[in-house]
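> Got a predicted model here, sequence first, then my questions.
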Amino acid sequence: MKFAVVVFPGSNCDRDMYYAVKDALGEEADFVWYQDANLANYDAILLPGGFSYGDYLRSGAIASTSHIMDQIKTEASNGTPILGVCNGFQVLLEAQLLPGAMLRNERLKFMCHQEGLIVQNNQTLFTSEYAALETITLPIAHGEGNYFCDDTTYQQLQSNNQIVFTYENNPNGSIGDIAGIVNKDGNVLGMMPHPERASDAILGSDDGIKLFQSIVNNWRETYVAGA
Ligand SMILES: NC(=O)CC[C@H](N)C(=O)O
């Protein structure tokens, strides 16, 4: 399996993403600079965390206008798995690949700590390695993680089972304690917690590696005969 780790000016979790899939899982991976857009030959696309364009205007707003997003939108419509973590999630929201928006944390402070999450949907290609309603621990590190959407959208997220992760103890004011959502087709996941920073127990938690393993398992079951 071959992952593309997209790098924007200001991304700072790209190497953690690369470590999770290349070093921890032994899969192929490339860093793809946002200007060198050729994503057609990748089996999954990862949008890492960071401070793209310095978070000017809104986190992810400027990166979402990059030309590479045209290809990412094409890949999303083709069903390619796309994972946006933290700033990557903000980019996906700003690009309208996922519904809703991110507001400043309700306490207006940057929050950086381990957070308990509940796996609300373990039926996605990103979460098949988790048990239903499993409680996991992943780090968060963000200033604009307060997920917002209107009532109609929230009801659709609930009825379509698009809410994948919720916080055990909501740190930022997100509607419905939302920590991560998928698109209706289930191939685009955005989440604020960092699974790539929990790919090895020495980091304080290895609960995140199961997310990347789920992506790999789905690819093998789909494309590798007899997998
Ligand atoms: N770790 C991150 O990706 C941070 C995202 C964004 N810069 C924020 O502070 O909300």
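That came in fine, so what should we check first? Numbering: from 1, shown residues only.

> C-alpha from now on. contacts and neighbour counts both.
Fine.

> so how many other residues sit close to Asp185?
Asp185 is flanked by 12 other residues according to other C-alpha atoms under 10 Å.

> my guess is Leu97 meets Asn183, correct?
Yes: with contact defined as C-alpha atoms under 8 Å, Leu97 reaches Asn183; the gap is 7.3 Å.

> Just want to know which of those two has more residues nearby.
Just comparing Leu97 and Asn183: by other C-alpha under 10 Å the higher neighbour count belongs to Leu97, 21 against 18.

> How about the contacts made by that one?
Leu97 makes contacts with Lys73, Ala76, Asn183, Val188, as judged by C-alpha atoms under 8 Å, 6 or more residues apart in numbering.

> And it, how close does it get to Leu157?
Leu97 sits 14 Å away from Leu157, going by C-alpha to C-alpha, to the nearest Å.

> Over to Ala76?
If you go by C-alpha to C-alpha, the gap between Ala76 and Leu157 works out to 18 Å.

> In helices, which of the contacts of Leu97 fall?
Per DSSP state H, helices hold the following members of the contacts of Leu97: Lys73, Ala76.

> tell me which of the contacts of Leu97 is nearest to Ile82?
Nearest to Ile82 among those is Val188, at 4.7 Å by C-alpha to C-alpha.

> other SSEs contacting the one helix or strand Ala179 maps to?
Taking DSSP states H and E as the criterion, Ala179 maps to strand 178-182. For strand 178-182, the contact count by 3 or more C-alpha pairs under 8 Å, 6 or more residues apart in numbering; DSSP states H and E identifies strand 163-167, strand 188-191 as packing neighbours.

> What lies in contact with it?
Under the criterion C-alpha under 8 Å, 6+ apart, residues 98, 117, 147, 157, 162-167, 188-193 lie in contact with strand 178-182.

> Swap in 7 Å and give it another go.
Residues outside strand 178-182 that contact it (C-alpha atoms under 7 Å, 6 or more residues apart in numbering): 147, 162-167, 188-193.

> between it and strand 163-167, how many degrees?
For strand 178-182 against strand 163-167, the angle by axes from the mean of the first three to the mean of the last three C-alpha atoms, to 10 degrees is 170 degrees.

> List the neighbouring strands of strand 178-182 plus their orientation.
In its sheet, strand 178-182 lies beside strand 163-167 (antiparallel), strand 188-191 (antiparallel), with partners assigned from DSSP bridges.

> and Pro46, helix, strand or coil?
One thing to correct before we go on: residue 46 is Leu, not Pro. strand (DSSP: H, G, I helix; E, B strand; the rest coil).

> for it, what are its contacts?
Ala4, Val5, Val6, Ile82, Leu83, Gly84.

> same question, Phe148
Contacts of Phe148 (C-alpha under 7 Å, 6+ apart): Gly100, Ala101, Met102, Leu103, Ser174, Ile175.

> Same list (those) but as TSV, adding distance to the ligand.
Putting those into TSV (distance: C-alpha to the nearest ligand atom, whole Å) gives the following:
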residue	distance to the ligand
Gly100	15
Ala101	12
Met102	8
Leu103	9
Ser174	13
Ile175	16
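
> re earlier: okay if I get the helices and strands packed on strand 178-182 as CSV plus mean pLDDT and distance to the ligand?
Converted to CSV, the helices and strands packed on strand 178-182 look like this (pLDDT from 0 to 100; distance: least, C-alpha to the nearest ligand atom, whole Å):
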stretch, mean pLDDT, distance to the ligand
strand 163-167, 99, 16
strand 188-191, 99, 10
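
> who's in contact with stretch 69-89?
By C-alpha under 7 Å, 6+ apart, stretch 69-89 touches 39, 43-51, 59-60, 92, 187-194.

> Sweet, I'm off.
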